[in-house]
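[1] Need a 3D model of the sequence below.
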Amino acid sequence: MLEIKNVTISYKDRPTVKDFSMTLKEGEIASLVGESGSGKTTVIRAALGLLAGGGKVTEGDILFQGKSLLKNTPEQWRKLRGTDISMIFQDSGEMLNPIRKIGNVFAEYIRTHEKISKADAWKKGIEMLERMRLPDGNNIMNSYPFQLSGGMRQRVGIAMAMTFQPRLLLADEPTSALDVTTQAQIVRQMMELRDKYGTSMIVVTHNLGVAAYMSDQIAVMQKGRISDIGSRDEILYGNHSAYTQKLLDAVPSLGGARYV
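    Just a heads-up that it's a prediction; the model follows:
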């Protein structure tokens, strides 16, 4: 469904991600883990054509359902983003206009991709919010982002990303800066989306526990390159690099038991 083939991503002719390859099947969840600056977010932004600051793919190719994304025109990207491919940002509050109500932004987003009335778009937004277990969706639609907790804003972001049941969901640190209870709820809801809609996902995370719980496949990145890649069990229990072992050793234990 998605194939990233030997991709190098550069900024001002300086490679930041080098020779990255990954294949993602229908309904599969892959996690990219590693320290800050290792290139994880750069990879998923490249897959959505959202590289900032003059970044570009200088080698390799990214194929979605057999077609190269690198050949997309701006109009093709506009139709693809938010429908077949969606993204959850690290803090969904950042992508929402702080001086506009959630409902106005959500309804506008829906009407960008679907020819329906504002009232019907508003109703569809409420339905999506309530699917994400946000109580009183109409009240959320009439709220400003600053009136919502971090977990609620993140659910709004997921609801918007899943409105058109995308084939591929890209999630950039979807549980960061949330308390552990809310993290667990977000992770479970994302996995329910995979089970219900068959959505494939690439999740960027620092949390190996989250990666181990969610993922069919894990890629460990270091300094812009893949250090290890394989199935969940291969990465956790098989042969892996010294860097991956250091990440595993850094996971806290409780009563001698390790939870990865």
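[2] so what's Phe20 closest to, chain neighbours aside?
    With CB to CB, 6 or more residues apart in numbering as the criterion, Phe20 has its nearest non-adjacent residue at 4.7 Å, and that residue is Val7. The C-beta positions use only the backbone N, C-alpha and C, and glycine is treated the same way.
[3] I'd like the distance between the one you found and Leu70.
    For Val7, the distance to Leu70 equals 9 Å [CB to CB, to the nearest Å].
[4] Need the overlap of contacts for these two.
    Val57, Asp61, Ile62 (CB atoms under 8 Å, 6 or more residues apart in numbering).
[5] Tell me the one of those nearest Glu28?
    Ile62 (16.3 Å; CB to CB).
[6] With Gln90 as the reference, measure out to the residue nearest in space to the middle of the chain.
    Closest residue to the average C-alpha location of the chain: Ala171 at 1.0 Å, with CA atoms, centre = their mean. Distance of Ala171 to Gln90, computed by CB to CB: 9 Å.
[7] Does Ile229 fall in a helix, a strand, or a coil region?
    Classification of Ile229 using DSSP: H, G, I helix; E, B strand; the rest coil returns strand.
[8] ok so, going back, would you confirm that the residue nearest to Phe20 belongs to a strand?
    Yes: according to three-state DSSP, Val7 belongs to a strand.
[9] element containing the residue nearest to the centre of the chain, please.
    strand 168-172 (DSSP states H and E).
[10] returning to that earlier point: most neighbours out of the shared contacts of Val7 and Leu70, which is it?
    Ile62 (22 neighbours; other CB atoms under 10 Å).
[11] I'd like the next helix or strand past the helix or strand encompassing that one.
    Element membership of Ile62 [criterion: DSSP H and E] is strand 56-64. Once the chain leaves strand 56-64, the next helix or strand it forms, by DSSP H and E, is strand 67-68.
[12] what is the mean pLDDT for that following strand?
    The pLDDT scores in strand 67-68 average 96.
[13] Show me what it pairs with in its sheet, parallel or antiparallel.
    Strand 67-68 has its sheet partners listed here by DSSP bridges as strand 56-64 (antiparallel).
[14] how big is the angle separating the strand it pairs with from strand 168-172?
    Angle, strand 56-64 to strand 168-172, by axes from the mean of the first three to the mean of the last three CA atoms, to 10 degrees: 140 degrees.
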